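[1] Could you work out the structure for the sequence below:
(chains A and B)
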Protein chains: 2
Amino acid sequence: MSKIVEEVEASNLNYADNFGSKKDLESKPTRRFAILTCMDARLDPAKFAGLVEGDAHVIRNAGGRASEDAVRSLLISYKLLDTKEWFVVHHTGCGMETVTDEEIDEIFEIKNSSNINWLTFKDNKQSLVEDVLTLRNHPLVPKSIPIYGYIYNCSSGILEEVEEATLAGQSK
Amino acid sequence: MSKIVEEVEASNLNYADNFGSKKDLESKPTRRFAILTCMDARLDPAKFAGLVEGDAHVIRNAGGRASEDAVRSLLISYKLLDTKEWFVVHHTGCGMETVTDEEIDEIFEIKNSSNINWLTFKDNKQSLVEDVLTLRNHPLVPKSIPIYGYIYNCSSGILEEVEEATLAGQSK
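    So this is what the prediction gives:
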């Protein structure tokens, strides 16, 4: 057993020892919202947004992008499990901003262009706007769901809101 | 501003007030591993696996499935950011086990079959095995990365390991 597996299992047993009333939680998020954010190790959405178990859905991928899979998850989140507001959270210092899709193909020694859309981006705020608009304009996403955009500042821990005018494409 | 936004922003300011040395964390996960799990609100991977900020990548979607986007994220996790072990964690009482793709299409009133593969499953352990094998057999995933399978028990908080013989398809 690897050291990491030992550590994770030991931490898990500690957690389970004090599980208490969490055993009675239902699958619908108590606070009826969802957060889409990056997999980055520095981000702890429960901590930076004040969640306890049962509160909200958390969807994470490289970049916090509104990929097809993130859309799938968010559609299930609202339609089957009743979330009513969504947060899209990118962050400063994201690795996806420092490389291009072509460079990742090269790192993997993929000779021709790969089939993988790596979803890198050049401008963090612009990619956030794109992701919010992808969700807002999706035919299965109702207009009644507010979709907010934030950039998490890895140097301060602060969620910096991207103003609605920017999200709506009225300014950049 | 919605009540939820007010609450999230207030919680976030509290968090940022005690940010301390987290401002100096680097993007490579300190403990060099990644967890792929479900978006379910009851799951807090940092708590159930004993993570602090900076430790590990966390990828989450509906079901904790090894979707194309999860594969994209994990490939970036190992190749660009040096993770060396991966955990795939499904959980008891997952909503994805209670519906079929066809039923979700019906809920959305999609007349013909939709283009969306909802990635529902009938058997939790079997879907976990499928996801682990999808990752292990992916041409860009090196054999040197151990990929573990666990089912998180929502009634106890315990991570129940799925034994290697099952993951390897030697028994069910």
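[2] in what helix or strand does the closest residue to A:Ala62 other than its chain neighbours lie?
    By the measure of Cβ to Cβ, 6 or more residues apart in numbering or on different chains, the closest residue to A:Ala62 outside its immediate chain neighbours is B:Ser73, 4.0 Å from it. Any C-beta I mention is one placed from the backbone N, CA and C, and that applies to glycine too. B:Ser73 is part of helix B:68-79 when elements are defined by DSSP states H and E.
[3] Report the next helix or strand after that helix in sequence order.
    Proceeding N to C from helix B:68-79, the next assigned helix or strand is strand B:85-91, under DSSP H and E.
[4] what distance separates that following strand from the middle of the whole chain?
    Distance, stretch centre to chain centre, for strand B:85-91: 6 Å (Cα atoms, centre = their mean, to the nearest Å).
[5] immediately after it, which helix or strand?
    The next secondary structure element downstream of strand B:85-91 (using DSSP H and E) turns out to be helix B:101-107.
[6] ranges for the strands of chain A?
    For chain A, the strands defined by DSSP state E occupy A:33-38, A:56-61, A:85-91, A:147-152, A:159-161.
[7] got the contact list for A:Phe121?
    Residues touching A:Phe121, when contacts are defined by Cβ atoms under 8 Å, 6 or more residues apart in numbering or on different chains, comprise A:63, A:96-97, A:127, A:130.
[8] And the nearest residue to A:Lys23 once chain neighbours are set aside, how close does it get to A:Asn12?
    For A:Lys23, the nearest residue in space outside its immediate sequence neighbours is B:Ser155; the separation is 4.8 Å by Cβ to Cβ, 6+ apart. When distance is defined by Cβ to Cβ, to the nearest Å, B:Ser155 is 14 Å away from A:Asn12.
[9] if you count what's nearby, which of these two comes out ahead?
    Under the criterion of other Cβ atoms under 10 Å in any protein chain shown, the comparison of B:Ser155 against A:Asn12 puts A:Asn12 first, with 20 against 12.
[10] hey, what's the closest residue to the more buried one other than its chain neighbours bridged with?
    Sequence neighbours aside, B:Leu159 is the residue nearest to A:Asn12 in space, at 4.6 Å (criterion: Cβ to Cβ, 6+ apart). The residues paired with B:Leu159 through beta bridges, assigned by DSSP bridges, are B:Tyr152.
[11] now B:Leu159: how far from B:Asp69?
    Distance check for B:Leu159 against B:Asp69: by Cβ to Cβ, it reads 23 Å.
[12] Neighbour count: those two, which is higher?
    Looking at B:Leu159 and B:Asp69 with other Cβ under 10 Å, you find the greater number of neighbours at B:Asp69, namely 25 against 22.
[13] Could I get the contacting residues of that one?
    By Cβ under 8 Å, 6+ apart, the contact set of B:Asp69 is A:61, A:65, A:67-70, B:61.
[14] can you do 6 Å?
    Contacts here follow Cβ atoms under 6 Å, 6 or more residues apart in numbering or on different chains; on that basis B:Asp69 touches A:61, A:67, A:69.
[15] and what of A:Glu53?
    A:Glu53 makes contacts with A:22, B:42, B:44, as judged by Cβ under 6 Å, 6+ apart.
[16] tilt between the top helix by length along chain A and strand B:33-38?
    Ranked by number of residues, the top helix in chain A under DSSP state H is helix A:3-17. Using axes from the mean of the first three to the mean of the last three Cα atoms, to 10 degrees, the direction of helix A:3-17 lies 40 degrees away from that of strand B:33-38.
[17] Would you mind pulling the contact partners of helix A:3-17?
    When contacts are taken as Cβ under 6 Å, 6+ apart, the neighbours of helix A:3-17 outside the stretch itself are B:33, B:47-50, B:85, B:156-159.
[18] I'd like to know which of these are buried.
    By the neighbour-count criterion of 16 or more other Cβ atoms under 10 Å in any protein chain shown, these include these buried positions: B:33, B:47-50, B:85, B:157-159.
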